[in-house]
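Got a sequence here, can you model it:
(2 chains)
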Amino acid sequence: MSTPLNETVVLMKDIVKTFPGGVVANDHITFDLKRGEIHGLLGENGAGKTTLVNILYGLYKPDSGEIYVKGRRVKLNSPRDAIKLGIGLVPQHFKLVEVHTVVENIILGLKEYGFILRIREAEERIRELARKYGFRIDPKAKIWQLSMGERQYVEIMKALFRNADILILDEPTTVLTPQETEQLFKVLKRMKEEGKSIIFITHKLDEALTICDRITVLRKGRKIGTVTPDKVTKVDLARMMVGREVLFRISKSKMKVKAEKPILIVENLSVLSDKGVLAVKNVSFSVYPGEILGIAGIAGSGQEELMEAIAGLRKPVKGKIIIKGRDVTYASPREIYELNVAYIPEDRIRTGSLPNLTLWENLILKHHRRKPLVKHKIILNFKEIFKFAEKRKREFEIVAPNIFVPARTLSGGNLQRLILARELTGKPDLILAVYPTRGLDVGATEYVRKVLLRERDRGAAIVLVSEELDEIFQLSDRIAVIHNGELMGIVPTSQATVEEIGLMMGGALRR
Amino acid sequence: MVDPILINKFLTSTLIVGTIYLIATLGEVVAERSGVVNLGLEGLMEIGATIGIIVALLTVNPWIGFLAAMGTCALVACIHAFVTVTLRLNQFASGLAIYILGLGLGVMLREYARSVYAPLLLKIPEVRLYPIGVPILKDIPIIGALFNVNIMVYVGIALSIILWFILFKTRIGLNIRSVGENPAAADAAGINVFRVRYYCVIFGGAMAGIAGAYLMLGHTPQIMGAPIVLGRGWIAIALVIFSFWNPIRALFGAFLFGGLELAYYWLQSIAIFRSYVPLLIAIPHITAIILLTIMSIEALRKRLGAPAALGIPYSRE
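Presented below is the predicted three-dimensional model:
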């Protein structure tokens, strides 16, 4: 079955996939993968990248089109069929059993290691494969003890154990530090040299240009073209991806003179996670009016818990939170927002909105106790409410037929606009933004970033949590880096480098 | 001093009574390891008790009684599996429904049997399980208790060791544990999550059936139209937590609670304890309530090592 180098191992021809509701996710896409190449699949969210590889992995059935793997036409009914053909998928959200060991996760579902599991034998093979591709992994470690980078290797190892020679990596770098990304790229190159073929899905232009041999750009379900990195620039790629010119720099005015009094002071704060372990350890910082403090860190380093504690949604076990001079360590969320604090939560659907309620209901939330939205303290004043909601909808350019549709019908970007519209009503003094652009397309991302900068220039203090270093560097005045719940240091953006922040994110550097 | 013969007698009874808890607990451990709680244990045991004794008396063979109880309860557990795994409805609600169904069905059938098969009661001595009583060995102080029990006690102990081995050392065990911890991961690894959960819930039901039948045939044979399990099923559910979902640890928990149940009968004969008898009766139940409360607090449950997906229906996407 060995195919010579440069031979096409995967050919997807004229793939069409329409989802219920009429969304055409893949519109006559043709894609080919050669042996021993890394082929980038570039596109914004919703461009159809994941749909295309899910078809190749047997998770979705295409409406029409043909798939050839290693020269043979195939029908893929389930991932099982794909695995048999040597296709492996490393999903964006790892599917690992956290309390089990590395080896248990890798051999899960395999029959080769007997009914009474021959764990040692599997461990030996893991070590051997890891050595071959140049990464380190302890087969006996429990998954929860591993960093995101190491977990990725476990997923890759899972595919290798199933004899995959065609690997699909779905946005593999979103959870990695810059150093871990570099390490991953080395491993991928090693695999390529060994004759493996890799499909690399990303929306990051730099990465696509660094690692890929060829790049196929998708936009709104259509293939825009396939290019080689030596023939295009970042600007070209961005234009292909978005369909218009993209600003890479949002102009940011210089921060005005620092006010004397911080809006938010966090002192020696410790917070527990849902699992009851310390997620935030002894963290201290303060934020001044008119500045954005960016909190950088790998997802799950304690930033969510930290922000929930400040918003009053999680009670700290130790330390102090002071907002505008008031100790609010144990205050309720309502007491906190009445201090004019805006909270843009991580989960837009579960925490940020009421999906089944209408736009206007979502928009007046938090403000529905104040005049003129209520009469006699409890009766809703619909005339004012509708006026208010219409105005907000217009101001924040929320695309929806009217204010009476349920919030769940909005797209991710529009839902975020809705949340911004609600939270930024009343000119907040403190804004807590948790992953405000996660999962948004380039246009919506640009919008959110501009709004945050506008609020900063107005004089609001902003705490911004993000996993995109680009975003942190673009927006923040100072960068605080969190690793495993600890603050590794706070650096003014003008003095920070990506490498340094990356090392701090990985826990290797303290400042 | 306390009579050594008396101690041996106490320990023997502890093992015999503890086995009721043990078998029910083991079944529930397996079900919960796959991610499904079955609060209907008490009801299933009630059905198992009824079917066990009636069939045993009709066939004059306790083992056929055990088999019938096992099969019937496995079938009833299928309802729970269908409702919680296929229909993805609330496990607690379905479990409570099974409890009420089982309690009613068990008591009603027993009442009916009493009116129809009254003469069969004479055959009870022929079907009940007697202690084996290994000569000489059974008279050794303390350890001797182990050699003076009925065969189901050994079956229970053997089962806990076998189930521990299966859960932690075999492929099937890894599959079950993975399904209970992260069904999406198991699904991605090609494991049929639904099938695993069905088998585990049905296994748990079958074990509850055995426990119920054993309660009758090994402990208190009778055909009365009144509940007989008396909260032991609920205690078994608490024992699952007490044993941290580990079959070997279930062994200790079950015998400890067997002892607690008996302590009441024994201690009331001692004058100074007499006034505390009501409190003693309550001990196992109070402990069960505390353990069940712990289970309902999510953070605590996770810290104790409960399967992460316990109680959560699985669906793709």
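
ok, A:L146 - contacts?
A:L146 makes contact with A:V102, A:V154 under the criterion CB atoms under 8 Å, 6 or more residues apart in numbering or on different chains. From N, CA and C alone the C-beta is placed, and that goes for glycine too.

Report the separation between it and chain B.
Distance, A:L146 to chain B, by CB to the nearest CB, to the nearest Å: 14 Å.

measure that residue to A:G46 for me?
31 Å (CB to CB, to the nearest Å).

Can you name the residue of chain A nearest to chain B?
Nearest residue of chain A to chain B (CB to the nearest CB) works out as A:G109 at 3.3 Å.

need the contact list for that residue.
With contact set as CB under 8 Å, 6+ apart, A:G109 has these partners: B:N175, B:A186, B:A189, B:G190, B:I191.

So which of the residues you listed wins on neighbours?
Neighbour count (other CB atoms under 10 Å in any protein chain shown) singles out B:A186 as the most crowded of the contacts of A:G109, with 28 neighbours.

That residue contacts B:L174, correct?
No: contact between B:A186 and B:L174 fails when scored by CB atoms under 8 Å: they sit 9.3 Å apart.

Now list whatever residues contact both of the two.
With contacts defined as CB under 8 Å, 6+ apart, the residues shared by B:A186 and B:L174 are A:L108.

Chain A contacts on chain B?
Proximity of chain B to chain A is confined to B:169-172, B:174-175, B:177-178, B:181-182, B:184-191, B:298-300, B:302-303, B:305, B:308 under the rule CB under 8 Å from any CB of the partner chain.

Now do the helices in the stretch 1-150 of chain B.
Taking DSSP state H, counting those that start in this stretch as the test, the helices found in the stretch 1-150 of chain B are B:4-33, B:41-59, B:62-81, B:91-116, B:124-127.

so how far is stretch A:151-163 off the chain centroid?
For stretch A:151-163, the gap between its own C-alpha mean and the chain's C-alpha mean amounts to 22 Å (CA atoms, centre = their mean, to the nearest Å).

Flag every buried residue along that stretch.
Buried residues in stretch A:151-163, counting neighbours by 16 or more other CB atoms under 10 Å in any protein chain shown, are found at A:R151, A:Q152, A:Y153, A:V154, A:E155, A:I156, A:M157, A:K158, A:A159, A:L160, A:F161, A:R162.

Of the residues of chain B next to chain A, which count as buried by neighbour count?
Buried by 16+ other CB under 10 Å: B:171, B:174-175, B:177-178, B:181-182, B:184-191, B:302, B:308, out of the residues of chain B next to chain A.

From the residues you listed, which land in helices?
Assignment to helices by DSSP state H places the following of these there: B:R171, B:L174, B:N175, B:R177, B:S178, B:E181, B:A184, B:A185, B:A186, B:D187, B:A188, B:K302.

any idea which of those residues is closest to A:V280?
Looking at these and their distance to A:V280, the nearest is B:K302, at 18.1 Å (CB to CB).

Spit out the contact partners of the most centrally placed residue in chain A.
The geometric centre of chain A, computed from its C-alpha atoms, lies nearest to A:R438 (CA atoms, centre = their mean), at 5.0 Å. A:R438 makes contacts with A:E346, A:E467, as judged by CB under 8 Å, 6+ apart.

What confidence value was assigned to it?
pLDDT, the model's per-residue confidence, is 82 for A:R438.

so it, which of the three states?
When the structure is reduced to helix, strand and coil (DSSP: H, G, I helix; E, B strand; the rest coil), A:R438 reads as coil.

which phi and psi does it have?
phi -60, psi 130 (degrees, to the nearest 10).

which one is residue 53 nearest to, not counting chain neighbours?
You didn't pick a chain, so chain A it is. A:I168 (4.9 Å; CB to CB, 6 or more residues apart in numbering or on different chains).

my bad, the chain I had in mind was chain B
Once chain neighbours are set aside, the closest to B:I53 by CB to CB, 6+ apart is B:M216, at 4.2 Å.

can you check A:E346 too?
Taking CB to CB, 6+ apart, and ignoring the residues beside it in sequence, A:E346 has A:V434 as its nearest neighbour in space, at 4.2 Å.

What residues are recorded as beta-bridge partners of the one you found?
A:V465 (DSSP bridges).

That one: neighbour count?
23.

As a markdown table, the helices of the stretch 1-150 of chain B with mean pLDDT would be great.
Formatted as a markdown table, these follow (pLDDT from 0 to 100):
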| stretch | mean pLDDT |
| --- | --- |
| helix B:4-33 | 93 |
| helix B:41-59 | 96 |
| helix B:62-81 | 97 |
| helix B:91-116 | 93 |
| helix B:124-127 | 90 |
